[in-house]
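A.B. asks: Fold the following, please.
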Amino acid sequence: AELDAIIDAGINNPALGDTRAVLVIKHGRIIAERYHGEIPFFDRPTEPVTAETTQISWSMAKSMVAHIVGVLVDQGRLDPSARAQVPEWSDPSDPRHAITLADLLAMRDGLNFSEEYDVNSGSDVITMLFGEGAGDMAAFTANKPLAHAPGTHWNYSSGTTNIISRIVADVVGYGAAYESFLRDHLFGPLGMKSATPKFDPTGVFVASSYVYATARDFAKFGLLYLRGGEWNGTRLVSRRWTDTAQIPHSADEESGTFYSWQWWVTGDEFGSYWANGFEGQSITVVPALDAVVVRLGKTDAEYYPALRAWRARLLRALSSTEVQPAP
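C.D. replies: You can find the predicted model right below:
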């Protein structure tokens with residue numbers, strides 16, 4: 001009853017914005033699932049949100065490309081400690097030449113990239129996604145100068161993730177080949193049939209922002225990490241790699257949370273960590289409770305603290321919710 005009341009309060013609370021989906025899994029079972037509101041479109045009437053509605057990941061896609069990097073690391077095709085193979089930084093005299101793949105994964109590359117979502121702020125992320133940088137997002141970011149020495153400063157950057165995505169493309173192929181790799185090593189094995197990644201004109205997966213899927217399919221990705229990279233008896237990525245999602249490398253003083261390798265870490269008593277997206281999208285993995293919580297919606301940044309507090313209340317209620325494990 002407490003869990004249901006908290007979910008109801010999340011859906012019907014204007015201070016949390018527009019919550020469109022909440023899905024809770026514990027011990028492998030869906031124990032709560034709610035859908036609310038409508039999705040607006042420019043070219044057709046609004047549609048009610050249901051279990052079949054695909055919604056945008058925004059930055060939750062960052063955690064998905066990190067998974068693909070892990071697959072390639074397990075295959076011996078990428079090395080996080082090695083210098084990032086970025087053609088714009090190939091000159092050894094270029095200070096960016098020292099940036100490693102691990103620096104990129106941890107958002108400690110030092111590039112001068114602005115993540116402000118304000119069209120009047122000179123925002124790099126808006127220019128990259130919707131302006132002159134949209135034709136080649138990785139190149140747009142890779143041509144940024146350093147603001148800090150590599151490895152010394154954390155700066156959240158969607159552009160950094162798209163550089164990582166181009167590094168992946170250089171290994172697995174661009175366009176259709178890249179999409180096939182995503183389906184073979186993530187979407188397909190998990191049965192994420194609704195998952196639709198988007199690519200820029202160069203054929204690079206826009207891993208900073210664009211996967212569309214249902215709440216249930218997003219939850220499958222969280223469940224894969226809760227299970228240490230194993231799905232129905234098949235290992236998709238090593239446990240050593242899934243553990244990297246839980247190791248904080250930087251602190252976000254504004255939110256009081258931490259950043260790992262393209263995942264966020266709460267620092268709470270449950271060891272929870274989450275894939276985080278603009279406007280409050282989240283896939284929260286909760287090891288101590290054997291649980292996954294998905295929340296999709298549209299929340300302004302000023303309400304993020306209230307949204308984090310709501311999620312913390314939900315996890316506390318979940319800790320006292322008895323559930324029989326799935327067979």
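
A.B. asks: so what's the backbone phi/psi at the closest residue to G228 other than its chain neighbours?
C.D. replies: The shortest distance from G228 to any non-neighbouring residue, by Cβ to Cβ, 6 or more residues apart in numbering, is to R239 (4.3 Å). Where C-beta positions appear, they are placed from N, C-alpha and C, glycine not excepted. Phi and psi for R239, reported as degrees, to the nearest 10, are phi -60, psi -30.

A.B. asks: Give the helix, strand or coil label for A32.
C.D. replies: Assigned with DSSP: H, G, I helix; E, B strand; the rest coil, A32 falls in the strand class.

A.B. asks: Roughly how far does it sit from A251?
C.D. replies: Distance of A32 to A251, computed by Cβ to Cβ, to the nearest Å: 31 Å.

A.B. asks: cool, and Y35?
C.D. replies: Distance of Y35 to A251, computed by Cβ to Cβ: 35 Å.

A.B. asks: which of those two has more neighbours?
C.D. replies: Each of Y35 and A251 has its neighbours counted (other Cβ atoms under 10 Å); Y35 has more, 19 against 14.

A.B. asks: Would you quantify the distance from the residue lying closest to the more buried one once chain neighbours are set aside to A176?
C.D. replies: Leaving aside its sequence neighbours, Y35 sits nearest to V49 (Cβ to Cβ, 6+ apart; 4.6 Å). Applying Cβ to Cβ, the value for V49 to A176 is 31 Å.

A.B. asks: out of those two, which sits in the busier spot?
C.D. replies: Between V49 and A176, counting by other Cβ under 10 Å, V49 is the more crowded of the two (21 against 10).

A.B. asks: Could you list which residues are in contact with N162?
C.D. replies: By Cβ atoms under 8 Å, 6 or more residues apart in numbering, N162 lies in contact with M128, M137, A138, T141, D200, V204, V206, A207, S208.

A.B. asks: Any stretches of this structure with poor pLDDT?
C.D. replies: Residues of the chain that meet the criterion pLDDT under 70 lie in 327.

A.B. asks: Name only those of the contacts of N162 that count as buried.
C.D. replies: Applying 16 or more other Cβ atoms under 10 Å to these, the neighbour count classes M128, M137, A138, T141, D200, V204, V206, A207, S208 as buried.

A.B. asks: okay, now F218: neighbour count?
C.D. replies: Using other Cβ under 10 Å, F218 is surrounded by 31 other residues.

A.B. asks: What are the buried residues along stretch 29-41?
C.D. replies: Buried residues in stretch 29-41, counted by 16+ other Cβ under 10 Å: I31, A32, E33, R34, Y35, H36.
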